[in-house]
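[1] Here is a sequence together with a model predicted from it:
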Amino acid sequence: MSDVIATNQTILVVGGGISGMTAALEAAECGKQVILIEKSPSLGGRVSQLYRYFPKLCHPTCGLEINNRRTKMNKNLRIMTMAEVAAVSGEAGNYSVKVKVSPRYVNENCTACGDCAKVVETEFDDEFNYGLGKRKGAYLQHKMAHPQRYVLDPRVIGTDDATKAKEACKYDAIDLDMQEEEIDLTVGAIIWATGWQPYDAAKIQPYGYDRIANVITSVEFERLCDPHGPTGGKILRPSDGQEAKNVAMIQCAGSRDQNHLKHCSRICCMASLKHANYVNEKYGEEGQSTIYYIDIRAIDRIDDFYRRVQELPNVTFTKSKVASVVENKENGNPVLHGVDTEGYNRYANEHDLVVLAIGMEPSVPADAFPVEVKINEEGFIEADESNGAVFAAGCSADALDVNRAVQNATASALRAIQVINSVAGAEG
Amino acid sequence: MSNLNTEMIEKYRNNFLKEVTANVEEGEWVKMCMQCGVCSGSCPFGPHWDHPPQELFMMIRAGKREEVLTSSSMWMCTSCYNCIVRCPRGLPITHIMHGLAHYADRLGMAPKEQPTMKFAHKFWDNIVKNGRVNELKLSLGVYFMNGIAEGIKTSLKMQAVGLGMYKAKRLNPMEFFGGHTVKDKSGMQAIIEKAKEIEEAKIKKFEG
């Protein structure tokens, strides 16, 4: 990887989620040289952790498959995984970027046969499943991982597990001496696509995410429903592994709240409507979903999806921001307390499982950007001339759903291309 | 915004909301409520109110002047501040409740036998006299608020507390004859008079 050659006509894309992949591919397919760097071992980001997309309820693996194929076919695009931007200096048309590459301990010889994972014994919380399951110390991030190459967890290096993995590999793919590298790149424009992370649910103290086992977040619920997830696609609640058939969804968990995130995260209402659909699909009449909301924001074209869910007989909408969640100690059921807005009725409703429709916050905190950009009140990158040729794409620009993130990423690719074209023009 | 737009907005802006905005302390916040209901759900006294805060705000916006101002609901607020802490829009709900209660009282519309109001009156009359609270007179006044028999009963019950306070020099029996005052008593009273005047002028505006 250290032989990457970049010039000021190269576009650097930071972040290999759906936005970064889109921006990188659009630019590369226009004939520009593109380097895509990704912090984790494979591309796909949060989209790869979803079970289905709204509104069509198709599987993200399908869209990723297409994007993976496009990346494999494109000679203009180079991908660096396990890489992070350490520092950026310079100006539009001429940036120097320091990239830190963490050791993967597995080289290009890897065929993803999985023999190393069979012999390694130590297990760690699986980040891909938001800690709901375990993974081995040698692992492939997920089945669709691109590049299809295993990773050794740095925590097994120096243990017997590492030696066992090396011995098990038939392709000499494991290199335990790999070191962290630092690479200097010269690029003309930067597309910043570091995306989002779920807001820390434990901070919403009255909902008891940190105290009540059966209060989970919407991103965790996606993993529970996914057949490749920790429960094989069964909605099993964390406290006792029983099937959760009576599920409550709490909207605006962290969003639209001056004590937490001021902005509307835009995706949560749709995510919960989608979740009500999952419950309906899995259990039919036996399932029951209750959506507690302030107002449903199924924006523009997706309103018909909302109407379809409203027509389901086993979905109830309660217009109320839940005030608190308390655990029924006898059966582990969360009990929701509040007052509804349609009649001002006080309720104490018991459910099997509570899913917090968790808000979206930028994954890079405002004070941790290695590059100078204008950050707005909510922590997203504001389009501003002072940003030079650093363009935000997808959820680093705003709280967006996949559809809008992709549109936004395409726009940022075009902006970057314009910078590269003017650099190329100036150099004749 | 064009004039026509502004006119239309004025037409639909409800008069009681305007009145609350102008005359009730922190009343300008009422229009910011988004009816999520977290205040009502978080209120420890919630089950005992006729109308929780969220409903009061909606009633104000619906122009239910009589119902709101004669309600005992806002007098139930114990100032625990749970609602202010939880409100996603930062409404100073506790203060609005006190503001509403005070305004209803000024207009003479508050429920007559409301104990919180009775205590508030006793406290106010006590403190404006000298600019300092006369603890002895205030406690006795409150004990005998509901008649002599109950007053004697309460006084006996509170005997030990009173004695303790006396020993700790928190209660001076000599306060019975006048009590301590602020340095400029008439100045203080002039301020109060002026404030009253301003408030009454404001109330008048909405009486016509």
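    Structure received.

[2] Got the confidence number for residue 130?
    No chain was given, so I picked chain A. For residue A:130, the pLDDT comes out at 95.

[3] wrong chain, I was asking about chain B
    Residue B:130 is assigned a predicted lDDT (pLDDT) of 91.

[4] Tell me how far the residue lying closest to residue A:125 once chain neighbours are set aside lies from chain B.
    Setting aside the residues directly before and after it, residue A:125 is nearest to residue A:131 in space (Cβ to Cβ, 6 or more residues apart in numbering or on different chains), at 4.3 Å. Where you see a C-beta, it was placed from the backbone N, CA and C, and this is true even at glycine. In this structure, residue A:131 lies at 28 Å from chain B, with Cβ to the nearest Cβ, to the nearest Å as the measure.

[5] same for the helix or strand of chain A with the lowest mean pLDDT, what does it pack against?
    The helix or strand with the lowest mean pLDDT-type score in chain A, counting by mean pLDDT, DSSP states H and E, is helix A:60-73 (a mean of 91). Here helix A:60-73 touches helix A:18-29, going by 3 or more Cβ pairs under 8 Å, 6 or more residues apart in numbering or on different chains; DSSP states H and E.

[6] list the helices and strands the helix it packs on packs on?
    Counting by 3+ Cβ pairs under 8 Å, 6+ apart, helix A:18-29 packs on strand A:10-14, strand A:33-37, helix A:60-73, strand A:77-80, strand A:189-192, helix A:402-426.

[7] List, one by one, the residues from chain A near chain B.
    Among all residues of chain A, those adjacent to chain B (criterion: Cβ under 8 Å from any Cβ of the partner chain) are A:206, A:252, A:256-260, A:294, A:320-324, A:337-341, A:344, A:346.

[8] Where is the longest helix in chain B?
    helix B:185-205 (DSSP state H).

[9] Could I get the buried residue list for that one?
    Buried positions in helix B:185-205, judged by neighbour count with 16 or more other Cβ atoms under 10 Å in any protein chain shown: residue B:188.

[10] Just the buried positions in the least confident helix or strand of chain A, please.
    Along helix A:60-73, these residues count as buried under the neighbour rule (16+ other Cβ under 10 Å): A:60-61, A:63-64, A:67-68, A:70-71.

[11] cool, and stretch A:102-109?
    By neighbour count with 16+ other Cβ under 10 Å, stretch A:102-109 contains the buried residues A:102-106.

[12] wait, what's in contact with the residue of the stretch 1-150 of chain A at minimum distance from chain B?
    With Cβ to the nearest Cβ as the measure, residue A:54 is the residue of the stretch 1-150 of chain A nearest to chain B, at 23.8 Å. Residues touching residue A:54, when contacts are defined by Cβ atoms under 8 Å, 6 or more residues apart in numbering or on different chains, comprise A:270-271, A:273-274, A:302, A:305, A:401.

[13] Equivalent analysis for residue A:344, please.
    By Cβ under 8 Å, 6+ apart, the neighbours of residue A:344 are B:37, B:40, B:51-52, B:54-55.

[14] List only buried entries from the residues of chain A next to chain B.
    Members of these that pass the buried threshold by neighbour count (16+ other Cβ under 10 Å) are listed as A:206, A:252, A:256-257, A:260, A:294, A:320-324, A:337-341, A:344, A:346.

[15] As TSV, the contacts of residue A:344 with secondary structure would be great.
    Compiled in TSV, these are given as follows (DSSP: H, G, I helix; E, B strand; the rest coil):
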residue	secondary structure
B:37	coil
B:40	helix
B:51	coil
B:52	coil
B:54	helix
B:55	helix
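
[16] Remind me what the longest helix of chain B packs against, helices and strands.
    Based on contacts counted as 3+ Cβ pairs under 8 Å, 6+ apart, the elements that helix B:185-205 packs against are helix B:15-23, helix B:115-130.

[17] The last one packs against which elements?
    By that I understand helix B:115-130. Secondary structure elements in contact with helix B:115-130, counted by 3+ Cβ pairs under 8 Å, 6+ apart, are helix B:93-106, helix B:135-143, helix B:185-205.

[18] and residue 127, how many neighbours does it have?
    Answering for chain A, as no chain was given. 11 (other Cβ atoms under 10 Å in any protein chain shown).

[19] ah, I was thinking of chain B
    A count of neighbours around residue B:127, defined by other Cβ under 10 Å, yields 15.

[20] Is it in contact with residue B:133, as I believe?
    Yes - Residue B:127 is in contact with residue B:133 according to Cβ atoms under 8 Å; the separation is 5.2 Å.

[21] list the residues that contact both of the two?
    Listed as contacting both residue B:127 and residue B:133 by Cβ under 8 Å, 6+ apart is no residue at all.

[22] Please give me every residue in contact with the residue most central in space within chain A.
    With distances taken as Cα atoms, centre = their mean, residue A:46 lies nearest the centre of chain A, 2.0 Å away. Each residue near residue A:46 by Cβ under 8 Å, 6+ apart is listed here: A:17-18, A:195-196, A:219.

[23] Would you mind listing the buried residues in stretch B:65-82?
    By neighbour count, with 16+ other Cβ under 10 Å as the criterion, the buried positions of stretch B:65-82 are B:65, B:68-69, B:71-77, B:82.

[24] Among those residues, which one lies nearest to chain A?
    Using Cβ to the nearest Cβ as the measure, the one of those that approaches chain A most closely is residue B:82, at 9.2 Å.

[25] For the residue lying closest to the closest one once chain neighbours are set aside, the count of nearby residues, please.
    The shortest distance from residue B:82 to any residue other than its chain neighbours is 4.6 Å, reached at residue B:42 (Cβ to Cβ, 6+ apart). A count of neighbours around residue B:42, defined by other Cβ under 10 Å, yields 25.

[26] show me where the stretch 201-350 of chain A has strands.
    All strands of the stretch 201-350 of chain A, identified by DSSP state E, counting those that start in this stretch, fall at A:215-217, A:246-253, A:288-293, A:315-319, A:324-327, A:334-339, A:346-350.

[27] now, of those strands, which is deepest in the fold?
    Mean neighbours per residue, mean count of other Cβ atoms under 10 Å in any protein chain shown, is largest over the strands of the stretch 201-350 of chain A for strand A:246-253, with a mean of 27.

[28] partner residues bridging the closest residue to residue A:369 other than its chain neighbours?
    Leaving out its chain neighbours, the residue that sits closest to residue A:369 by Cβ to Cβ, 6+ apart is residue A:375, at 7.0 Å. Assessed by DSSP bridges, residue A:375 has beta-bridge partners residue A:381.

[29] Could you double-check that residue A:375 lies in contact with residue A:383?
    No - because the distance of 11.7 Å does not satisfy Cβ under 8 Å, residue A:375 is recorded as not touching residue A:383.

[30] Comparing the two, which residue is more hemmed in?
    Taking neighbours as other Cβ under 10 Å, residue A:375 and residue A:383 compare with residue A:375 leading, 19 against 15.

[31] Thanks a lot, catch you later.
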